[in-house]
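Novice: 3D model of this:
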Amino acid sequence: MGLKRKAEEIANIIEKQEKVIIVSHSDADGIAGASIAKKALEERGIDYEIKFVKYINRKFLKKYRERENFTWFIDVGNGNIKEIKELQINCVISDHHFSNEEYDKSLNPFFYGIDGEAEISASGLAHIISSCLSTGDANIAIIGAIGDLQDMSGKLIGINREILLSSTIDIKRDLRIYGRDKPLYQMLAHSSSPFIPGLFKRYKNTIAFLKSLQIPHQKKWNELNEEEKRIVLSSIIKKLIEKGFGYNYISSLFGEVYEIDGKDVRDYSTLLNAMARCGYSRMAVDVCIKWEYKKAENILKEYRNKLNKYINFAKEKIDEYGHVQYFHGGNYIADTVVGTVAGMIVKDGEVHSPVIAFAENEEGIKVSARAPSFLIEKGINLSKAVSKSAKLLGGEGGGHRSAAGAIIPKGMEEDFLYIFNEEIRNQLTL
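Specialist: Residues are numbered from 1 along each chain as shown. A predicted model of the protein is given here:
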């Protein structure tokens, strides 16, 4: 049985329900997936609720069993299949994260030879299921895939590619950076993916950088001629090489760019992620469906200002533990943002080891792990290391090879570092 046949089976289960609770991850991919599901259920006349979560665990699942509602898990669930089976949760799952656990009502791309980290996102899975229910939304699915960084090779591949080609999105080759329609100094200073060392949130540095290239800082990228673009791009690459960024990261700077009515898809996904991090996931669904980008731009500014403060705080607190560097955000850095902060520190080029970030939340301690791309290429798998370390401490964790997270009991941070460091050491010596 193929992925699309399995999607039909799951759609058949969904269409028999009077009401569906959509439980989705609170990030760009999860928001996009929930938006697609919402549209499909509305078109079929099926009642629904949407709940966004940072993660799910046994405690959360017990509450859902008590409510006896049918649930559609989007971008979450694959790491909890054992508990879902034990608690007999009435649900279906469309989650692109890796899992070895089989579940007959789960659309798991890995069981069909499809890489869920690069070839399809959770919103892509939601689109395929929704297409069987009524009509999906290929445009929103691509926003989710870009938000999940599934175009790091320079373009979308696999099923993402099929979805892209079925959409109304325009494909171009250009600099792959947020804000190409804004003044250059803002575009460069606001860029977090890719992160440009020395320029992020440093407007004076950015203006001076452009002045040294004899490029007017108020000009927009789209207004530059080919020679001016070449000068700026080569200078950015030089900065990245000096900071030790690898070939894969640098080569991903230029490639395919996707636009909806002249607006970069990356701008939409950046906004959805910012809204999720600031607690506006529900509002983000309306932004996603109605394309009300302008209404939410102030949230993006709020997010960037917070992020800059958090990064400065983390850089002051960062310390070493064996093969790992870490910092504790306490209750200052929000648990919804601490992973992003860790990622920015890794991208700054000053760290050459995995970074662990801690932050307090209502369940205990949120753990976020990020690693430089060259370590991932050497075989480091943060998902395995984080999951194993958290489990030994009575917590839960998982994620991707290059980005993972967990929840552990309060006071167990040092124990986590010890176990995680040993796991990383073992991975490096394989």
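
Novice: how many neighbours does the closest residue to residue 280 other than its chain neighbours have?
Specialist: Residue nearest to residue 280 in three dimensions, not counting chain neighbours: residue 299, with 5.8 Å by Cβ to Cβ, 6 or more residues apart in numbering. The way it works is simple: take the backbone N, C-alpha and C, and place the C-beta from them, glycine included. Residue 299: 19 surrounding residues under other Cβ atoms under 10 Å.

Novice: so where does residue 299 fall, helix or strand?
Specialist: Assigned by DSSP states H and E, residue 299 falls within helix 297-317.

Novice: Identify all contacting residues around that helix.
Specialist: Applying Cβ atoms under 8 Å, 6 or more residues apart in numbering, the contact partners of helix 297-317 are 190, 192, 200-201, 270-271, 274-275, 277-278, 280, 327-329, 332-334, 337-338, 340-342, 344-345, 357.

Novice: cool, stretch 361-371 as well?
Specialist: Counting by Cβ under 8 Å, 6+ apart, residues outside stretch 361-371 touching it are 54, 57, 335, 338-339, 342-343, 345-346, 353-360, 380, 382, 385-386, 390, 395, 397, 399, 402-410, 412-413, 416, 420.

Novice: Tell me which of those fall in strands.
Specialist: Among the contacts of stretch 361-371, the members falling in strands (DSSP state E) are 355-360, 397, 399, 403-408.

Novice: Would you mind giving those residues as a markdown table with neighbour count and pLDDT added?
Specialist: Output for the ones in strands among the contacts of stretch 361-371, formatted as a markdown table (neighbours: other Cβ atoms under 10 Å; pLDDT from 0 to 100):
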| residue | neighbour count | pLDDT |
| --- | --- | --- |
| 355 | 24 | 97 |
| 356 | 30 | 98 |
| 357 | 29 | 98 |
| 358 | 23 | 98 |
| 359 | 24 | 97 |
| 360 | 18 | 95 |
| 397 | 27 | 87 |
| 399 | 24 | 84 |
| 403 | 21 | 90 |
| 404 | 27 | 93 |
| 405 | 26 | 93 |
| 406 | 28 | 93 |
| 407 | 20 | 94 |
| 408 | 25 | 95 |
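
Novice: just those now: which is nearest residue 238?
Specialist: Proximity of these to residue 238 was ranked by Cβ to Cβ; the top entry is residue 355 with 24.8 Å.

Novice: Just confirm the closest one contacts residue 348, I think it does.
Specialist: No - at 10.2 Å, residue 355 does not count as touching residue 348 under the criterion of Cβ atoms under 8 Å.

Novice: in the stretch 201-350 of the chain, which segments are predicted with low confidence?
Specialist: Within the stretch 201-350 of the chain, the stretches with pLDDT under 70 are 349-350.

Novice: Take stretch 220-227 and give me the span from its first residue to its final residue.
Specialist: Start and end residues of stretch 220-227 are separated by 14 Å (Cα to Cα, to the nearest Å).

Novice: hmm, back to that, quick one, which of the contacts of helix 297-317 are buried?
Specialist: 190, 192, 200-201, 270-271, 274-275, 277-278, 280, 327-329, 333-334, 337-338, 340-342, 344-345, 357 (16 or more other Cβ atoms under 10 Å).

Novice: Helices - which of the residues you listed land there?
Specialist: Residues of the buried ones among the contacts of helix 297-317 located in helices (DSSP state H): 190, 270-271, 274-275, 277, 338, 340-342, 344-345.

Novice: Make CSV from these and add distance to residue 253 to it.
Specialist: As requested, those are exported to CSV (distance: Cβ to Cβ, whole Å):
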residue, distance to residue 253
190, 15
270, 16
271, 21
274, 21
275, 26
277, 24
338, 26
340, 20
341, 22
342, 22
344, 17
345, 20
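
Novice: out of the residues you listed, which one sits closest to residue 12?
Specialist: The closest of these, once distances to residue 12 are taken by Cβ to Cβ, is residue 275, at 33.0 Å.

Novice: Contact partners for the closest one?
Specialist: 31, 281, 283-284, 287, 296, 299-300, 303.

Novice: Reformat the residues you listed as a markdown table; add distance to residue 208.
Specialist: Output for those, formatted as a markdown table (distance: Cβ to Cβ, whole Å):
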| residue | distance to residue 208 |
| --- | --- |
| 31 | 37 |
| 281 | 38 |
| 283 | 37 |
| 284 | 36 |
| 287 | 35 |
| 296 | 31 |
| 299 | 29 |
| 300 | 25 |
| 303 | 26 |
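
Novice: which of these tops the neighbour count?
Specialist: residue 31 (35 neighbours).

Novice: Check what pLDDT the residue nearest the centre of the chain gets.
Specialist: The centre of the chain sits closest to residue 148, judged by Cα atoms, centre = their mean, with a distance of 3.9 Å. Predicted confidence (pLDDT) for residue 148: 93.

Novice: what about the most far-flung residue of the chain relative to its centre, distance to residue 228?
Specialist: Largest separation from the mean C-alpha position in the chain: residue 214, at 35.8 Å (Cα atoms, centre = their mean). Distance of residue 214 to residue 228, given as Cβ to Cβ, to the nearest Å: 9 Å.
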